[in-house]
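[1] Turn this into a model:
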Amino acid sequence: MRSFSESVNTKQPHSPLSLNMRFFILLISCFVFQSSLMAQEDFLAKQYFNDGDYDKAVAFYEKLVKQNPRRTDYSEGLVACYQQLERFAEAEQFLLEKVQEPYAFPTFLIELGYNYTLQDQPEKAQEYYQKAIEKIEENPNFGYSIGSRFQKYALLDEAIQAFSRAMELKPDLNYDFQLARIYGEKGEIGKMFEYYLKLISEGKSSRANVLRYIDNFVSENPQDGNNLILRKLLLKNAQKNPDVLWNELLSWLFIQQRQFKNAFAQERAIFKRSEAQSVERLQYVASMAFKEEDFESAKEMYGFILKNANDPAAKLNAELNLIKIDLASATEKEYDAIEKRYQELLDFYGYRNETLELQIAYANFLTFNRENPKPAIDILKKSLKTPMGRFQEAYLKLALGDILVFDQRFNEALIYFTQVQKSLKNDVLGQEARFKVAQTSFYKGDFDWAHTQLKVLRGSTSQLIANDAMQLSLLISDNSLEDSTQTALKKYAHADLLAYQNKTTKAIEALEDILQNHKGEKIEDEALMKQAELYEKRGQFDKARFNYQKIVEFYGQDILADDAHFALAELYRKKLDDPEKAKFHYEKIIYGYQDSYYFPRARKNFRILRGDSIN
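    Numbers count the residues shown, from 1 in each chain. Alright, predicted model coming up:
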């Protein structure tokens, strides 16, 4: 029997398996090291190239190509370095060798041709471009890579030839999208539209995706050249093949052009030919017309929906919107008739979860138009007692809170807003509720608590809420530092509440008191802005313009400058019919306020007024 020490010191011979395992591990380690080294060299090559340090980049690419001769990206990187360094002869020699290889990728023929183009040898360049196109005859699947490479070098005619020939040889291939983009680049708008429409009609791409691209080439102006081309094509297709698709696309074009009556004509035709007879599309067009203040068209559409819809919810929605349209221009004498319409709808549809929109609309009418909040509060409190989902409940509580604020029952309103805020804290409705908590606290004069809530909301997922929160937050902070008594701020909060209560005349007078007695204070630009908005609401556009102009002239570096420029631009565009002045103020935002909430809309409206077809 061996001792313990003998047992420990006795060495066993290595088994063949353990030797193989060691060799395998060593092999894997070498491979990992090599791959890591190559990845580092690849990164450095690209980095030097992007930095414009082509001498260093070329050294790395030469090494990478030598190690990986079949990696086309390394070869193309090396050629690009040679060309940047104007070492065209070396690029030519390298590419000539490449195209002679048995399995050379055909894009190297284009690279060789482009190398000759850079040396001002067009005939030689064309020779190799043609050779690349001929490769499609051997294998149509090369069509995409060859066409895309031509497109990369703005060789658009060659790209069209490559994509088209590949599709001829193999009809399963579809490069209509690429061809549409190329014709757009060439400025051949008619052909571009043809290919985009073909994609839609054949179902080769989603309609929404294609319309996004078409939208870049049309404007709001019906007489724009591109708009006329598209309309002609759609009408031509509709005559050839009376498919409802062409009505839908014509309706889409008319909506872009804000020609809602024409869009309605198309939608009416679609509705009559539809088996389901859904009014969903009509509701969308009517809502767009209402939003753009084309009340005549909106009224006609909602009237059609009311007569033809089978769904009670659609009928009720149409009724409510018809009342809303009439209310926009109604005088106090007409309020009795409008109230009667609301009561008749409630008698017919009843107080149910499905009619919450009706109940809230009636409550708002009683409050903000008739200044009679008590029955409105009773209606909504009664509705809250019925079982409903949490989003319906939140929607109802926000509406009830708004009416309680009107009635200056601030603490009660805060309870409802806070309940919504807590129950839906991660939803936009919850963020809206938090803003209402801040706004109500502001009206109440509790500026510190309002400011605390607003600081949280400046990071809201809703850009509109975040923007409003930032402005109210700055209003409070700016006017608390300057005046410890917060006299002007209290006056402004009162004026803002009057505006909220729809007491426009009293609100304008309260703001005028601030402008007269607090000149030169921080609050002045806020008072000017609020008063201008109220003047606009009353149709006193010259007075509104005067206020906005004062803000841009005397407070051009302050927080409301971009708001004033945008308000002036919209006023000149929509109400004062002066597109040149509108363009001037949009341009001020584009070049002076790139971070503004209004920047995207200002840029879009400026381009429309300039007559651009934006690609």
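[2] Now the spatially closest residue to K186 that is not a sequence neighbour: phi and psi?
    Sequence neighbours aside, L156 is the residue nearest to K186 in space, at 5.3 Å (criterion: Cβ to Cβ, 6 or more residues apart in numbering). C-beta coordinates here come from the backbone N, C-alpha and C atoms, glycine included. Main-chain dihedrals, L156, degrees, to the nearest 10: phi -70, psi -40.
[3] Can you mark which positions in the host helix or strand of Q161 are buried?
    Here Q161, judged by DSSP states H and E, is contained in helix 156-169. For helix 156-169, a neighbour-count test (16 or more other Cβ atoms under 10 Å) marks 156, 158-163, 165-167 as buried.
[4] Give me the domain ranges for the chain.
    174-257, 560-615 (automatic domain parsing).
[5] nearest to I523, of the ones you listed?
    Nearest to I523, of all these, is domain 560-615, at 11.4 Å by Cβ to Cβ.
[6] Averaged pLDDT, that closest one. What do you get?
    For domain 560-615, mean pLDDT is 90.
[7] So, low pLDDT: which residues of the chain?
    1-38, 482-483, 612-615 (pLDDT under 70).
[8] can you pull out the helices in the stretch 51-200 of the chain?
    All helices of the stretch 51-200 of the chain, identified by DSSP state H, counting those that start in this stretch, fall at 54-67, 72-84, 88-100, 107-118, 122-138, 143-152, 156-169, 176-186, 189-201.
[9] Kindly report the same for the stretch 401-550 of the chain.
    For the stretch 401-550 of the chain, the helices defined by DSSP H, counting those that start in this stretch occupy 410-423, 428-444, 447-457, 463-481, 487-500, 504-517, 523-537, 541-554.
[10] Point out the most buried one among the helices of the stretch 51-200 of the chain.
    helix 107-118 (a mean of 22; mean count of other Cβ atoms under 10 Å).
[11] So what's the gap between that helix and the chain middle?
    Chain-centre distance of helix 107-118: 40 Å, with Cα atoms, centre = their mean, to the nearest Å.
[12] who does that helix touch, helix- and strand-wise?
    The contact analysis (3 or more Cβ pairs under 8 Å, 6 or more residues apart in numbering; DSSP states H and E) places helix 107-118 against helix 72-84, helix 88-100, helix 122-138, helix 143-152.
[13] Provide the contact partners of the shortest one at residue level.
    Meaning helix 143-152. The contact list for helix 143-152, computed with Cβ atoms under 8 Å, 6 or more residues apart in numbering, reads 105-107, 110-111, 129, 132-133, 135-136, 156, 158-160, 162-163, 165-167, 169-170, 173, 175, 178, 181-182.
[14] repeat that with 7 Å
    Applying Cβ atoms under 7 Å, 6 or more residues apart in numbering, the external contacts of helix 143-152 come out as 106-107, 110, 132-133, 135-136, 158-159, 162-163, 165-166, 173, 175, 178, 182.
[15] Now it - C-alpha only, CSV.
    What follows is helix 143-152, C-alpha atoms only, in CSV (Å, rounded to 0.1, in the frame of the first residue of the first chain):
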residue,chain,number,x,y,z
GLY,A,143,-29.8,44.3,-60.2
TYR,A,144,-30.2,45.7,-56.8
SER,A,145,-26.5,46.0,-55.9
ILE,A,146,-25.6,47.4,-59.3
GLY,A,147,-28.5,49.8,-59.4
SER,A,148,-27.7,51.0,-55.9
ARG,A,149,-24.0,51.5,-56.7
PHE,A,150,-24.9,53.6,-59.7
GLN,A,151,-27.3,55.6,-57.5
LYS,A,152,-24.5,56.2,-55.0
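[16] Taking helix 72-84 as reference, get the angle to it.
    20 degrees (axes from the mean of the first three to the mean of the last three Cα atoms, to 10 degrees).
[17] hmm, back to that, which other helices and strands contact the helix holding Q161?
    Under the contact criterion of 3 or more Cβ pairs under 7 Å, 6 or more residues apart in numbering; DSSP states H and E, helix 156-169 touches helix 122-138, helix 143-152, helix 176-186.
[18] possible to save these as a markdown table with distance to N411?
    Formatted as a markdown table, these follow (distance: least, Cβ to Cβ, whole Å):
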| stretch | distance to N411 |
| --- | --- |
| helix 122-138 | 77 |
| helix 143-152 | 66 |
| helix 176-186 | 60 |
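[19] Pretty sure F254 sits against K261.
    No: judged on Cβ atoms under 7 Å, F254 makes no contact with K261 at a distance of 8.3 Å.
[20] More neighbours: which of those two?
    Looking at F254 and K261 with other Cβ atoms under 10 Å, you find the greater number of neighbours at F254, namely 21 against 13.
[21] what sits against that one?
    Contacts of F254 by Cβ under 7 Å, 6+ apart are 262-263, 266.
[22] Now, those residues that are in helices?
    Judged by DSSP state H, these include 262-263, 266 as members of helices.
[23] For burial, what's the neighbour tally of D562?
    D562 has 23 neighbours, counted by other Cβ under 10 Å.
[24] Redo the helices of the stretch 51-200 of the chain as a markdown table? Include distance to F599.
    Below are these laid out as a markdown table (distance: least, Cβ to Cβ, whole Å):
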| stretch | distance to F599 |
| --- | --- |
| helix 54-67 | 38 |
| helix 72-84 | 36 |
| helix 88-100 | 44 |
| helix 107-118 | 39 |
| helix 122-138 | 43 |
| helix 143-152 | 31 |
| helix 156-169 | 33 |
| helix 176-186 | 26 |
| helix 189-201 | 28 |
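[25] hmm, back to that, of all the buried residues of helix 156-169, which comes closest to D468?
    For those, the nearest to D468 is L156 (47.4 Å; Cβ to Cβ).
[26] Excluding chain neighbours, what is closest to A495?
    A510 (3.7 Å).
[27] Could you give the number of residues near that neighbour?
    Neighbour count of A510, defined by other Cβ under 10 Å: 22.
[28] tell me the contacts of the residue lying closest to G77 once chain neighbours are set aside?
    Excluding its sequence neighbours, the residue lying closest to G77 (Cβ to Cβ, 6+ apart) is Y61, at 4.8 Å. Residues in contact with Y61 (Cβ under 7 Å, 6+ apart) are 45, 74, 77-78, 81.
[29] what about Y61, distance to Q439?
    62 Å (Cβ to Cβ, to the nearest Å).
[30] can you check L429 too?
    Applying Cβ to Cβ to L429 and Q439 gives a distance of 15 Å.
[31] Dump the helices and strands packed on helix 107-118 to JSON lines, plus distance to D496.
    Converted to JSON lines, the helices and strands packed on helix 107-118 look like this (distance: least, Cβ to Cβ, whole Å):
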{"stretch": "helix 72-84", "distance to D496": "61"}
{"stretch": "helix 88-100", "distance to D496": "69"}
{"stretch": "helix 122-138", "distance to D496": "68"}
{"stretch": "helix 143-152", "distance to D496": "56"}
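[32] Which among the ones you listed is found nearest to M388?
    For those, proximity to M388 was assessed by Cβ to Cβ; helix 143-152 is nearest, at 54.6 Å.
[33] Burial check on the closest residue to E432 other than its chain neighbours, number of neighbours?
    Spatially, and ignoring its direct neighbours in sequence, E432 is nearest to I465 (6.3 Å; Cβ to Cβ, 6+ apart). For I465, the number of neighbouring residues by other Cβ under 10 Å comes to 17.
[34] Hmm, A433 and I465 touching each other?
    No: assessed by Cβ under 7 Å, I465 is found out of contact with A433, at 10.4 Å.
[35] quick one, what contacts Y351?
    Residues in contact with Y351 (Cβ under 7 Å, 6+ apart) are 359, 382-383.
[36] Mind checking what secondary structure it has?
    For Y351, the secondary structure call by DSSP: H, G, I helix; E, B strand; the rest coil comes out as coil.
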